[in-house]
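A.B. asks: need a structure here:
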Amino acid sequence: MSTEVRVPTLGESVTEATVATWFKKPGDSVAADEMLCELETDKVTVEVPSPVAGTLSEIVAGEGETVGVDALLAQIAEGEAAPAPAEEAHAKEEAPAKETAPAADASARDDVEDAPSAKKLMAENDLKDGDVQGTGKDGRIMKEDVLKALSQPKAAEAPAPAPRAPVAASDADREERVKMTRLRQTIARRLKEAQNTAAMLTTYNEVDMTGIMELRNEYKDLFLKKHGVKLGFMSFFTKACCHALKEVQDVNAEIDGDHVVYKNYVHMGIAVGTPTGLVVPVLRDADQKSFAEIEKEISDLGIKARDGKLSMADMQGGSFTISNGGVYGSLMSSPILNPPQSGILGMHKIQERPMVVNGEIVIRPMMYLALSYDHRIVDGKGAVTFLVRVKEALEDPRRLLMDL
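C.D. replies: Sure, this is the predicted structure:
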């Protein structure tokens, strides 16, 4: 008995994947639930387990092939290895016959004489039979059909990518060409869409991290002992953003056609760099979570991102995003929006700088903050107000506890 292995449901809005790696080859024995292959989608990597125990008799979709949801990946012969069942062979014999059906239809179409006026009009406008849907007898194309086809707007063709500049032969031998992963292609497409669609603008401020660092140093040991997780900076920034989003709701909204959707919740996206590219897992209902809950969930999502175990549900529904370029040493940057969100906060490196405090020059640990926002929804006043509220909450963390 042969069992089919098919592409599982990949998640919302994901319709196809690329076969990344086969862990087994034809003839290998497999156990039930043993991983057969790994699929790479636009957002996550999906492992496909064996539905039964048996022998992998055939791999239908090889590495590098693109497959749709429910497409056939492989065949498993349950128990001992066995040749494909008769039904399978019969289906393969029928396949060529089905493929010749369109050819038969085409030959039947050749016997139909289109209206002379339609043929003349098609020739003048460089149209082919496939460009016009005939409504006459036996699919005969009439003049009205051609006029209808001409009146319909043509689909805009995507601009072809610019050709690569010529490379010297001596350099070509020292280059390596690697196909972009689906994740990298999606990152490139979505970031460019954000620039093309949103009226993106960035405003900057700086925050004195003294208050947070003193509070963290004072309570980090007690925090770890009680909650079993380290007290980092991300929980403070998440809390500060949630606090500011309540006041400036435009930053937590999105455009839907000619409507603006205001969200009475905060699903905080936390941008995470992984070996395969940038992903943004979502901390749902962050505005309702405690410091400990935020730190634990961020830690769990970070581990899953590093190990490639994030699910589609982990990365959907974000309403605002925080990106921490400071962990890589970035002093200043302008983050790009994560569509359809209207705001993203960029954190940066903490660096000691001389600052004037109460008329005196002192050394303080400072961080530049950047808020990129969609100017179609968020006005400059709202963006600056949001960033000032974040700054105030971070410089005096007690404001978060008293909701000030």
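
A.B. asks: Strands of the stretch 1-150 of the chain, residue ranges please.
C.D. replies: Taking DSSP state E, counting those that start in this stretch as the criterion, the stretch 1-150 of the chain carries its strands at 2-6, 16-22, 29-30, 35-40, 45-49, 54-59, 66-68, 72-78.

A.B. asks: Same question for the stretch 251-400 of the chain.
C.D. replies: For the stretch 251-400 of the chain, the strands defined by DSSP E, counting those that start in this stretch cover 253-256, 259-262, 268-270, 272-274, 277-279, 282-283, 320-324, 343-347, 351-357, 360-374.

A.B. asks: Poorly predicted segments of the stretch 51-200 of the chain, please.
C.D. replies: In the prediction, the stretch 51-200 of the chain carries residues with pLDDT under 70 at positions 79-113, 116, 137-138, 152-162, 182-183.

A.B. asks: sorry, back to before: could you provide the strands of the stretch 1-150 of the chain in JSON lines, with additional columns for distance to residue 128 and mean neighbour count?
C.D. replies: Bear in mind the C-beta positions are built from the backbone N, C-alpha and C, glycine included. Formatted as JSON lines, these follow (distance: least, C-beta to C-beta, whole Å; neighbours: other C-beta atoms under 10 Å):
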{"stretch": "strand 2-6", "distance to residue 128": "37", "mean neighbour count": "16"}
{"stretch": "strand 16-22", "distance to residue 128": "29", "mean neighbour count": "19"}
{"stretch": "strand 29-30", "distance to residue 128": "49", "mean neighbour count": "16"}
{"stretch": "strand 35-40", "distance to residue 128": "37", "mean neighbour count": "20"}
{"stretch": "strand 45-49", "distance to residue 128": "41", "mean neighbour count": "18"}
{"stretch": "strand 54-59", "distance to residue 128": "39", "mean neighbour count": "20"}
{"stretch": "strand 66-68", "distance to residue 128": "28", "mean neighbour count": "13"}
{"stretch": "strand 72-78", "distance to residue 128": "34", "mean neighbour count": "19"}
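
A.B. asks: need the contact list for residue 355.
C.D. replies: 208, 361, 362, 363, 364, 366 (C-beta atoms under 8 Å, 6 or more residues apart in numbering).

A.B. asks: how about a cut-off of 7 Å?
C.D. replies: Shown in contact with residue 355 (C-beta atoms under 7 Å, 6 or more residues apart in numbering): 362, 364, 366.

A.B. asks: Identify all contacting residues around the helix ranked longest in the chain.
C.D. replies: Secondary structure assigned by DSSP state H gives helix 210-227 as the longest helix of the chain. The contact list for helix 210-227, computed with C-beta under 7 Å, 6+ apart, reads 230, 231, 233, 236, 292, 364, 365, 394, 395, 396, 397.

A.B. asks: taking those one by one, which sit in helices?
C.D. replies: Applying DSSP H to those, the entries found in helices are 236, 292, 394, 395.

A.B. asks: The longest helix of the chain relative to strand 351-357, how many degrees between them?
C.D. replies: Helix 210-227 runs at 130 degrees relative to strand 351-357, counting by axes from the mean of the first three to the mean of the last three C-alpha atoms, to 10 degrees.

A.B. asks: Make sure residue 74 is actually in contact with residue 55.
C.D. replies: No - in this structure residue 74 lies outside contact range of residue 55 using C-beta atoms under 7 Å: 10.9 Å.

A.B. asks: need the contact list for residue 76.
C.D. replies: Listed by C-beta under 7 Å, 6+ apart, the contact partners of residue 76 are 2, 3, 5, 30, 50, 52, 54, 55, 56, 57.

A.B. asks: typo on my end, it should be residue 198
C.D. replies: 337, 374, 376.

A.B. asks: same thing but at 8 Å, please
C.D. replies: By C-beta under 8 Å, 6+ apart, the contact set of residue 198 is 337, 339, 342, 374, 375, 376.

A.B. asks: Break the protein down into its domains, please.
C.D. replies: Domain assignment for the chain, taken from automatic domain parsing, gives 2-97, 100-151, 184-401.

A.B. asks: And the longest helix of the chain, what's buried?
C.D. replies: By 16 or more other C-beta atoms under 10 Å, the buried positions in helix 210-227 come out as 210, 211, 212, 216, 223.

A.B. asks: who wins for most neighbours among the contacts of residue 198?
C.D. replies: Neighbour tally across these (other C-beta atoms under 10 Å): the maximum, 27 neighbours, falls on residue 342.

A.B. asks: my guess is that one meets residue 251, correct?
C.D. replies: Yes - counting by C-beta atoms under 8 Å, residue 251 is a contact partner of residue 342 at 5.9 Å.

A.B. asks: any residues in contact with both of these two?
C.D. replies: 373, 378.

A.B. asks: For the strands of the stretch 251-400 of the chain, give me a markdown table that also has mean pLDDT and distance to residue 244.
C.D. replies: Listed next are these as a markdown table, based on pLDDT from 0 to 100; distance: least, C-beta to C-beta, whole Å:
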| stretch | mean pLDDT | distance to residue 244 |
| --- | --- | --- |
| strand 253-256 | 88 | 14 |
| strand 259-262 | 89 | 15 |
| strand 268-270 | 92 | 12 |
| strand 272-274 | 80 | 22 |
| strand 277-279 | 77 | 24 |
| strand 282-283 | 90 | 16 |
| strand 320-324 | 92 | 10 |
| strand 343-347 | 94 | 9 |
| strand 351-357 | 92 | 23 |
| strand 360-374 | 94 | 9 |
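
A.B. asks: closest to residue 302 out of these?
C.D. replies: Of all the strands of the stretch 251-400 of the chain, the one in closest proximity to residue 302, counting by C-beta to C-beta, is strand 272-274 (5.9 Å).

A.B. asks: what's the closest one packed up against?
C.D. replies: helix 291-306 (3 or more C-beta pairs under 8 Å, 6 or more residues apart in numbering; DSSP states H and E).

A.B. asks: picking that back up, format the strands of the stretch 251-400 of the chain as a markdown table; extra columns: distance to residue 304.
C.D. replies: Formatted as a markdown table, the strands of the stretch 251-400 of the chain follow (distance: least, C-beta to C-beta, whole Å):
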| stretch | distance to residue 304 |
| --- | --- |
| strand 253-256 | 26 |
| strand 259-262 | 28 |
| strand 268-270 | 12 |
| strand 272-274 | 9 |
| strand 277-279 | 10 |
| strand 282-283 | 12 |
| strand 320-324 | 17 |
| strand 343-347 | 21 |
| strand 351-357 | 31 |
| strand 360-374 | 26 |
